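Visitor: Sequence and computational prediction follow.
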Amino acid sequence: MYVVRPVETADIPALESLAAVTIPGLHTLPRSRDKIVMAVERSLASMAAQVDIPSEESYLFVLESVEERRICGTAAIFASAGSNGTYFSFRNDVIQQVSRDLNICHSVHALTLCSELTAYSHLSSFYVAPEVQKGPEAALLSRSRLLYAAQHPRRFGDRFFVPLAGVTDDDGQSPFWNAVGRKFFKMDFLDAERVIGGARNRTLIVELMPHYPVYVPLLPGDAQAAMGQIHPSGELAFNLLTAEGFEADEYIDIFDGGPILQAHKHALRTFTSSQKLRVRTGVARTREGPLFNYAVSNDDSAAFRAVAIPCPDLEGCDAVALSPEIQDILRVAEGDSVTCVRI
């Protein structure tokens, strides 16, 4: 059995271990102990805060094996991207070029530096250990942060986005960065990720990134091919997010050209399909029809818990059967309210 819960101070050593096995240059965990400690403390403070308008809060969740008390994954959500500045990305644009004299009209793909994702809620730091990637736990982890957002709408914006890591070679170099960013920042991709990668709202980007459209046909072929492509390690996250309702193609990351998925909350299944049900003590059984995996969470902000359970289709039900063991994990009792969504 696995549970998703808010991060705790005691998890810091485990997060250090997870950060050590993630790939440099990817949008996952902070890599230094100091930054991990800052992320944990910020999450704890955000969970405890009374929030009416989303701002600098961030919420970090972990996937834990209940039996082994071992951390197997992480997922985070920032309440408002660029809360202390501006969040920058490249927008995919089409520029029409027309010559009446030559009777030529054609479209040119261009990238425009923009700040349109500023104030969107930002999903980040998704990592699942290999041993649980093929089960429902990965979907539970990805979905749980949205369940939390659905339960606490004042803490988050109406729109969400997720940057996914782009293509890099065996040396960790990005063909897109080498063709664009390196020309302006005069540093390698991994150096850029370390120096400014976590600060896409900083003045460095305003000062150095091109403010005019970048014409894609002028870029080298490998840079064009990398645009909007996902690093192999991001395929699981991409599949989970597109199944949730996120869409790609409109924005790409200014560093590695990876896709940025975005959606309004009303397009996301967690917001449109989740339902509040009453807890009934028992074990899910059905004589007709299949069992489905559901994410089930309590409604406690500070003590949020979510698990995945198999049960019959809950459409039209007013209660969900939970064993005493599951109730203990979720910290609920018979008659309490829980939020359920099919995964």
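Guide: The structure has been received and is ready for your questions. Numbering: from 1, shown residues only.
Visitor: drop to CA atoms for contacts and neighbour counts, all remaining ones
Guide: Fine.
Visitor: Can you check the pLDDT for the residue lying closest to Ala267 once chain neighbours are set aside?
Guide: Distances taken as Cα to Cα, 6 or more residues apart in numbering put Gly245 closest to Ala267, at 5.8 Å, once the chain neighbours are dropped. pLDDT for Gly245: 97.
Visitor: Would you check that Gly245 makes contact with Arg269?
Guide: Yes - with contacts counted by Cα atoms under 8 Å, Gly245 reaches Arg269, the gap being 6.4 Å.
Visitor: Relative to Ala39, how far out is Pro312?
Guide: 38 Å (Cα to Cα, to the nearest Å).
Visitor: how's this protein carved up into domains?
Guide: 84-118+158-273, 274-342 (automatic domain parsing).
Visitor: could you give me the average pLDDT of the shortest one?
Guide: Same thing as domain 274-342. The model assigns domain 274-342 a mean pLDDT of 90.
Visitor: SS state for the most centrally placed residue in the chain?
Guide: Centre of the chain computed as the mean C-alpha position; nearest residue by Cα atoms, centre = their mean is Leu123, 3.0 Å away. With DSSP: H, G, I helix; E, B strand; the rest coil as the basis, Leu123 sits in strand.
Visitor: For the residue nearest to it when sequence neighbours are not counted, pull up the helix or strand it's in.
Guide: Nearest residue to Leu123, sequence neighbours excluded (Cα to Cα, 6+ apart): Ile77, at 4.4 Å. For Ile77, the host element (DSSP states H and E) is strand 70-78.
Visitor: just Arg5 next, same as before
Guide: Going by DSSP H and E, Arg5 is part of strand 2-6.
Visitor: now the angle from that strand to strand 70-78?
Guide: Angle, strand 2-6 to strand 70-78, by axes from the mean of the first three to the mean of the last three Cα atoms, to 10 degrees: 40 degrees.
Visitor: Just the strands from the stretch 151-300 of the chain, written as ranges.
Guide: Under the criterion DSSP state E, counting those that start in this stretch, the stretch 151-300 of the chain contains strands at 159-163, 214-215, 247-252, 259-264, 275-281, 292-297.
Visitor: Mind listing residues that contact the longest one?
Guide: The reference is to strand 275-281. 317-324, 332-341 (Cα atoms under 8 Å, 6 or more residues apart in numbering).
Visitor: Which ones among those lie within helices?
Guide: Pro324 (DSSP state H).
Visitor: I only care about the contacts of strand 275-281 that end up buried; give me the ChimeraX line for that.
Guide: Selection of buried members from the contacts of strand 275-281 for ChimeraX, criterion 16 or more other Cα atoms under 10 Å:
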select :319,320,321,322,324,332,333,334,336,337,338,339,340,341
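Visitor: Run a quick neighbour tally on Arg269.
Guide: When neighbours are defined as other Cα atoms under 10 Å, Arg269 has 18 of them.
Visitor: isn't it right next to Leu241, touching?
Guide: No - judged on Cα under 8 Å, Arg269 makes no contact with Leu241 at a distance of 10.1 Å.
Visitor: Are there residues contacting both of the two? Which ones?
Guide: Counting by Cα under 8 Å, 6+ apart, Arg269 and Leu241 have no shared contacts at all.
Visitor: Now do Trp177: how many residues are near it, please.
Guide: 25.
Visitor: and what of Ala225?
Guide: 14.
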